[in-house]
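# here are the coordinates; sequence isn't available:
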């Protein structure tokens, strides 16, 4: 499977109805985006909702970003990935991640294991004794060097989330050539700094309490002060690109210049403001 230049990233849990979800995925496809990426947290089950969205589209790829390795065993993940691709014309990408302690232990009731050994064992379970498994469309949510190395070793590449162009450059070096480096980037096409940053802080608030992200941000060079009180202006400005459409495009292009092979745009908007969401995706579709 070849991954195109530009994707969109959006949670299906934000849709008010299945009909709204259907309309959205068709809009993303019509705008020419290569792939729509979506998370798995407390709402829709990852493979079920992928089947629905694939069924509403003809050419758009769907990528789980991410499906938790604690949500299903490796055999089920393998069969789900194969089933979706056989049923919907090879348009499904299995993005996997280790999730977070509150989601794994608090919500699911599992024991959160050491991330690298847990992911390696899971991938072995998916691929063991499977001819052609090295070509399967699997990628990993990876932020830090060891998970990036595992992405390069055992999958098609990495799906970094909440990062910067500097991190993209470092990830590209670790992954090496011929690997996917599919970056998620939040955006607000809004020239009012106060409004744009308020939207950014609200969107990031759910991530600011998760150790995996906080530790990754500290590793990227941010300080504890940057992460305090909802995030410093400098931190917010790097996590959520804002400004005119052209200003935002410049920020997106910085990831490509740093070595990204694919950038997934996540539009950040006020709750329910789907018109703003779609307008942003339209304005940025030619990045």
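Arrived safely. Note that the structure is a prediction, hence the values are computed from the model and not measured.

# pLDDT averaged over the longest strand belonging to the chain - what is it?
If each strand of the chain is counted by residues according to DSSP state E, the longest one is strand 180-189. For strand 180-189, mean pLDDT is 98.

# that one: partners in the sheet, and parallel or antiparallel?
Strands that pair with strand 180-189, judged by DSSP bridges, come out as strand 157-158 (parallel), strand 240-243 (parallel), strand 262-267 (parallel).

# so which of these is the most surrounded?
Of all those, strand 157-158 has the most neighbours on average by mean count of other CB atoms under 10 Å, namely a mean of 26. No exception for glycine: its C-beta is placed from N, CA and C like everyone else's.

# which helices and strands does the helix or strand just after that strand pack with?
Counting by DSSP states H and E, the next helix or strand C-terminal to strand 157-158 is helix 165-175. For helix 165-175, the elements it packs on are helix 145-154, strand 157-158, strand 180-189, helix 245-258, judged by 3 or more CB pairs under 8 Å, 6 or more residues apart in numbering; DSSP states H and E.

# which outside residues touch helix 165-175?
Under the contact criterion CB atoms under 8 Å, 6 or more residues apart in numbering, helix 165-175 has outside partners 142-143, 145, 148-149, 151-152, 157-158, 160, 163, 181, 183, 220-221, 254-255, 257-260.

# centroid-nearest residue for the protein?
Most central in the chain under CA atoms, centre = their mean is residue 65, positioned 4.3 Å from the mean C-alpha point.

# right, and that one touches residue 264 too?
Yes: Residue 65 is within contact range of residue 264, at 7.4 Å (criterion: CB atoms under 8 Å).

# which residues are common contacts for these two?
With CB under 8 Å, 6+ apart, residue 65 and residue 264 have common neighbours 9, 37, 184.

# so what's the backbone phi/psi at the first one?
The reference is to residue 9. phi -130, psi 130 (degrees, to the nearest 10).

# same deal with the second one?
Backbone geometry at residue 37, expressed as degrees, to the nearest 10, gives phi -100, psi 150.

# pairing partners for it in the sheet, please.
According to DSSP bridges, beta-bridge pairing links residue 37 with residue 9, residue 63.

# and it, how far is that from residue 94?
For residue 37, the distance to residue 94 equals 12 Å [CB to CB, to the nearest Å].

# ok, the first one next?
The gap separating residue 9 from residue 94 is 16 Å, by CB to CB.

# in stretch 143-150, which residues are buried?
Under the neighbour-count criterion of 16 or more other CB atoms under 10 Å, stretch 143-150 has 143-144, 147-150 buried.

# ok, which stretches of the chain are strands?
Counting by DSSP E, the chain has strands at residues 6-9, 35-38, 61-64, 67-68, 92-97, 138-140, 157-158, 180-189, 240-243, 262-267.

# what is the neighbour count of residue 14?
For residue 14, the neighbour count with other CB atoms under 10 Å is 16.
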